[in-house]
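Engineer: just coords:
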């Protein structure tokens, strides 16, 4: 009789368990459906771009793709990407070794100096250097001398390299810090010189880190719009924008597809070069390289890089604050409304990005299925595609489906920001989801909490820090986005980046001073957020 009572008592419990399982399955199905809709929304602009390009008459498309102009644009874009990547490696790797493996004094300080150029958008550096070394710039005014002009492809390579090498520096430095350097000492005991030990022992272990930084530098170089446009370099991004402005939308669409193909090739190459060879790692620091008499030249080199990339732009913009040559241009006079517009748009983008990222990241982190990984990776498409391409695709979508929204609304612009920077929110939220202990959620279910209630009361408070960090990153990067803002902003709306563009276009650089300095401060804040996130991950 006792066993029968036990069996009967277990029936309601079994029904409760089955009911909870049914609720969980329904919740997973709904979550997967929402994630699929979001992924489809993110990739939809690319479908419109392909549709526009395939609508071109085949014979005309062949003539445009194989024209002399397209050939030069392709060559220039590839050259820009290759040289920026090469020079970034030549700068970033030695600096990483210098700050991690040598006895240079105050290594933490020099690490910050070497990494700080990353906080300044390259187009801010470009406009500062053009204003200083260009015709009628500071050098001509003060010294009356003629120097080699920095316009064109060489100037764009130099400027972009100065502001992208920190990608290689940071990833290589991380690889050096995580490797077991005692094996380098073992190689030295076998009569291997410093260069041979680096080539045969150190390099194979840090190669994935170098490749990761080189990929970021290459993608930045090939997708950068502002610097080539300011430097008059004919590459894909600037040419797409000029052709779009000249109403040659067919040609712009074809160029955009070629640029996407180039980005895809870069990703494939990096996947092969950066493959991990399953090298050993450890925590042993090994011996330190003594610089001896090279200590001062090393510190001088890092100081020189910091002066060129940080001090010069800030000094140039600060100097422009107190200059008033030329006729005034009322439309470019700084107004706090410009900053308010930039901040409000970035805030909307951050909120929408978090709302989009939450279901995608939670579905991917909790189920870890093939479908969830595919949907998550689909949201990363916008981060790999240049902003000018996303802007062009949304122009096609807006003008053909929602013309009134395109002309007067901000939501298409905000959607463009979200497509571009959604991966920043997805990545941080997913990392937080993966840190939630499954036993905590299971305990909530045993207390009769359904999936929605368990998420609201348990999971959401635990992952909220990741959601906030993701929203802040989207906010800060949106403030600096140039091509999407120029192509999709409503008529009459001015932002910080649009005023910088207008000042450069009118060669009235003094009007770019306040917006540029504000953006530098904002970029510095983004670095602080990243460092805080890194410290939290380490703790």
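Structural biologist: Happy to help now that I have it. Computed from a prediction, not measured in an experiment: that's the story for all the values here. Numbers count the residues shown, from 1 in each chain.
Engineer: Got phi/psi on the spatially most central residue of the chain?
Structural biologist: Residue closest to the mean C-alpha point of the chain, counted by CA atoms, centre = their mean, is residue 383 at 6.7 Å. Main-chain torsions, residue 383, degrees, to the nearest 10: phi -70, psi -30.
Engineer: Can you pull the phi/psi pair for residue 224?
Structural biologist: Phi and psi for residue 224, reported as degrees, to the nearest 10, are phi -70, psi 130.
Engineer: That one: what's it in contact with?
Structural biologist: The contact partners of residue 224, taken as CB atoms under 8 Å, 6 or more residues apart in numbering, are 122-123, 160, 237, 386. C-beta here means a position set from N, CA and C on the backbone, and glycine is covered the same way.
Engineer: Leaving out chain neighbours, which residue sits closest to residue 436?
Structural biologist: Distances taken as CB to CB, 6 or more residues apart in numbering put residue 462 closest to residue 436, at 5.2 Å, once the chain neighbours are dropped.
Engineer: ugh, wrong one, residue 499
Structural biologist: residue 515 (5.0 Å).
Engineer: Could you check how far the one you found is from residue 338?
Structural biologist: Using CB to CB, to the nearest Å, one obtains 7 Å as the distance from residue 515 to residue 338.
Engineer: Between these two, which contacts overlap?
Structural biologist: With CB under 8 Å, 6+ apart as the test, residue 515 and residue 338 both reach 496, 499.
Engineer: Between the two, which is the more surrounded one?
Structural biologist: Under the neighbour definition other CB atoms under 10 Å, residue 515 and residue 338 were set side by side, and residue 515 has more, 26 against 22.
Engineer: So the more buried one is in contact with residue 501, correct?
Structural biologist: No. At 9.7 Å, residue 515 does not count as touching residue 501 under the criterion of CB atoms under 8 Å.
Engineer: residues contacting the residue nearest to residue 499?
Structural biologist: Neighbours of residue 515 in contact, by CB under 8 Å, 6+ apart: 334, 338-339, 496-497, 499-500, 503.
Engineer: Hmm, residue 208 is touching residue 174, no?
Structural biologist: No. Look at residue 208 against residue 174 with CB under 8 Å: they stay out of range, at 10.3 Å.
Engineer: what about residue 246, neighbour count?
Structural biologist: By the other CB under 10 Å criterion, the neighbourhood of residue 246 contains 10 residues.
Engineer: Where does pLDDT dip in this structure?
Structural biologist: Judged against pLDDT under 70, the low-scoring parts of the chain cover residues 1-27, 134-149, 178-205, 247, 270-287, 324-327, 402-408, 437-457, 527-539.
Engineer: Residue ranges of each domain in it, please.
Structural biologist: The record's domain split for the chain, according to automatic domain parsing, is 25-47+325-539, 56-285+293-322.
Engineer: Do a quick rundown of the strands in the stretch 251-400 of the chain.
Structural biologist: Read by DSSP state E, counting those that start in this stretch, the stretch 251-400 of the chain holds no strands at all.
Engineer: on that earlier part again, in which helix or strand does the residue nearest to residue 436 reside?
Structural biologist: Assigned by DSSP states H and E, residue 462 belongs to helix 460-480.
Engineer: Next secondary structure element downstream of that helix?
Structural biologist: helix 483-488.
Engineer: And the contacts of that next one?
Structural biologist: Outside helix 483-488, the residues that reach it (CB under 8 Å, 6+ apart) are 225-226, 237, 241, 244, 345, 386-388, 390-392, 394-395, 398, 406, 412-413, 416-417, 420, 495, 497-498, 501.
Engineer: Which among the residues you listed count as buried?
Structural biologist: Applying 16 or more other CB atoms under 10 Å to those, the neighbour count classes 225-226, 237, 241, 244, 345, 386-388, 390-392, 394-395, 398, 406, 412-413, 416-417, 420, 495, 497-498, 501 as buried.
Engineer: Among these, which lie within helices?
Structural biologist: With helices identified by DSSP state H, the entries of the buried ones among the contacts of helix 483-488 that belong to them are 226, 237, 241, 244, 345, 387-388, 390-392, 394-395, 398, 406, 412-413, 416-417, 420, 497-498, 501.
Engineer: how close does residue 227 get to residue 125?
Structural biologist: 8 Å.
Engineer: hey, what's in contact with both of the two?
Structural biologist: With contacts defined as CB under 8 Å, 6+ apart, the residues adjacent to both residue 227 and residue 125 are residue 159.
Engineer: who's more crowded, those two?
Structural biologist: residue 227 (32 against 27).
Engineer: Can you give me every residue that contacts the more buried one?
Structural biologist: Residues in contact with residue 227, defined by CB under 8 Å, 6+ apart, are 122-123, 125-126, 156, 159-160, 233.
Engineer: Which of these fall within helices?
Structural biologist: Among those, the residues falling in helices (DSSP H) are 122-123, 125-126, 156, 159-160.
Engineer: and which of those residues is nearest residue 479?
Structural biologist: When those are ranked by distance to residue 479 (CB to CB), residue 123 comes first, at 13.2 Å.
Engineer: so residue 240 makes contact with residue 257?
Structural biologist: No. Between residue 240 and residue 257 no contact is recorded; they are 10.4 Å apart, counting by CB under 8 Å.
Engineer: Comparing the two, which residue is more hemmed in?
Structural biologist: Just comparing residue 240 and residue 257: by other CB under 10 Å the higher neighbour count belongs to residue 240, 28 against 17.
Engineer: any idea how far the more buried one lies from residue 478?
Structural biologist: Distance of residue 240 to residue 478, computed by CB to CB: 21 Å.
Engineer: Next: residue 524.
Structural biologist: As judged by CB to CB, residue 524 and residue 478 stand 16 Å apart.
Engineer: the more surrounded of these two?
Structural biologist: Residue environment comparison for residue 524 versus residue 478 gives the larger neighbour count to residue 478, 28 against 14, counting by other CB under 10 Å.
Engineer: Burial check on the residue nearest to that one when sequence neighbours are not counted, number of neighbours?
Structural biologist: Distances taken as CB to CB, 6+ apart put residue 346 closest to residue 478, at 4.0 Å, once the chain neighbours are dropped. Residue 346 has 25 neighbouring residues, counting by other CB under 10 Å.
Engineer: do the same with the one 4 residues further on
Structural biologist: Burial of residue 350, expressed as a neighbour count using other CB under 10 Å, amounts to 26.
Engineer: so it sits right up against residue 472, yeah?
Structural biologist: Yes. Using CB under 8 Å, residue 350 and residue 472 qualify as a contacting pair, with a distance of 7.0 Å.
Engineer: Show me what the helix or strand hosting residue 97 is packed against.
Structural biologist: Residue 97 belongs to helix 68-101 when elements are defined using DSSP H and E. Applying 3 or more CB pairs under 8 Å, 6 or more residues apart in numbering; DSSP states H and E, one finds that helix 68-101 makes contact with helix 107-115, helix 152-178, helix 203-223, helix 236-245, helix 249-273, helix 295-306.
Engineer: list the contacts for residue 369?
Structural biologist: Counting by CB under 8 Å, 6+ apart, residue 369 has no contacts.
Engineer: Can you pull the phi and psi angles for it?
Structural biologist: The phi and psi values for residue 369, taken as degrees, to the nearest 10, are phi -90, psi 170.
Engineer: contacting residues around residue 509?
Structural biologist: Applying CB under 8 Å, 6+ apart as the definition, the contact partners of residue 509 turn out to be 127, 130-131, 320, 503.
Engineer: switch to 7 Å and redo it
Structural biologist: Neighbour list for residue 509: 127, 131, 320, 503 [criterion: CB atoms under 7 Å, 6 or more residues apart in numbering].
Engineer: hmm, back to that, looking at the ones in helices among the contacts of residue 227, which is nearest residue 264?
Structural biologist: For these, the minimum distance to residue 264 (CB to CB) is 20.7 Å, reached by residue 160.
Engineer: Next step: the contacts of residue 509 restricted to helices.
Structural biologist: Secondary structure assignment (DSSP H) places 127, 131, 320, 503 from those within helices.
Engineer: By neighbours, which of those wins?
Structural biologist: Neighbour-wise, those (other CB under 10 Å) top out at residue 127, 27 neighbours.
Engineer: I'd assumed residue 230 was in contact with that one.
Structural biologist: Yes. Between residue 127 and residue 230 there is a contact at 5.6 Å, judged by CB atoms under 7 Å.
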